[in-house]
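Engineer: Coordinates for the following, if possible.
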Amino acid sequence: MKRRVVIADDSKYWREKVATELARDGHEVIVVEDGAEAIQLSMDAERPLDLVIADLIMPGVNGFEVARSLRADSLTEDVPVIGVTGLYNASDFPEGSQAKGFAAILEKSVSPDQFIFTVNKYLNIPRNESRPAPRVATHRPAEVKTPGGENAKCVVANISSSGVFLSTHSPLEPGTEIIVTFTLPAGSEIRASANVVWVNGESTDSETSYSRGMGVLFKDIDPDQKRAIEKFVIAEITAQ
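Structural biologist: Predicted coordinates:
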C-alpha cells in the first residue's frame, strides 16, 4: 500500500538514506530539515500523513515538539510518529516511547532490517484504523484520583470506549496512573483506572483544537461500563 511519509531531520545524509529505502517500496516520501515543516505538512486534511519520522534533536522545532503537537490536535492525533536519535538510548525513556507521544523511538545505529521492520509495522496499519475506538466530543464533569490520593476536578471533553481527553489546568505527567470517574448522560457511572498518555500544555493549547489537559487511555474498566460508553458514542455519532 502506498503511504505518505514525512522525514524530518537536519542531517541531509540520514534523511535521504531513509527516504531512498522507503521510496523503493513505492511510498510518497517528503524530506524536511525541521520539525516545523513536518507539523505544517501534517495539517493538510486533503492529503493526510500516514507516518512521521522525526529526529529528537534538531535546530528549531525538535522531534519531541513534533510528537507533542501532533498528539494535541484532533486532525493528527492518530498519525504515528517514530522518533530517531543518535544521542539517546532506550534507558533514557524508562516509561516507554508512548509517554513522550511517539509510537516508537529508534536509535540511528539500529540495523536497517530492524528500522524497516519497525517502520512497516506502522505503515501497514490501514488508514482510519489506528484509532482504538471512535470518539465524540462531550462535556461531562469528572473527578481524577491521583497516585497520592488527592482528588481533582476536571471535565471529559472527548470520549471513546478506549479513553478520554480530560480538560484541566493541572495536567499530570505522561505515564501517571489515575482513577477517573464521571457519569454519562443516561446516568451510567464510569469509574476506571487509566494512564496519562499525552499532555496538551499551556504552550500549545491556544494553537490546537484541544483545551489544556491530558489524554488518557483506560487501563482497567468494567465491561458493562465500556459497553455503556460504546452505546453513548454510537448514539452521538448517529445523531450528528
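
Engineer: per-domain residue ranges of the protein.
Structural biologist: 4-123, 135-239 (automatic domain parsing).

Engineer: can you tell me which of those the model trusts least?
Structural biologist: Mean pLDDT is lowest for domain 135-239 among these, at a mean of 83.

Engineer: Next, report how far the lengthiest helix in the chain is displaced from the centre of its chain.
Structural biologist: With DSSP state H setting the assignment, residue counts place helix 223-239 as the longest helix in the chain. Distance, stretch centre to chain centre, for helix 223-239: 22 Å (C-alpha atoms, centre = their mean, to the nearest Å).

Engineer: Mind giving me the packing neighbours of it?
Structural biologist: Applying 3 or more C-beta pairs under 8 Å, 6 or more residues apart in numbering; DSSP states H and E, one finds that helix 223-239 contacts strand 135-145, strand 151-160, strand 189-200. Heads up, the C-betas are built off the backbone N, CA and C, glycines and all.

Engineer: wait, what's in contact with the spatially most central residue of the chain?
Structural biologist: In the chain, the C-alpha closest to the average C-alpha coordinate belongs to residue 71, at a distance of 3.9 Å (C-alpha atoms, centre = their mean). The contact partners of residue 71, taken as C-beta atoms under 8 Å, 6 or more residues apart in numbering, are 77, 101, 198, 200, 215.

Engineer: The second one reaches residue 214, doesn't it?
Structural biologist: It stands for residue 101. No: look at residue 101 against residue 214 with C-beta atoms under 8 Å: they stay out of range, at 11.7 Å.

Engineer: before we move on, back to that, quick one: closest of the helices and strands packed on helix 223-239 to residue 82.
Structural biologist: Residue 82 lies closest to strand 189-200 among the helices and strands packed on helix 223-239, at 15.7 Å (C-beta to C-beta).
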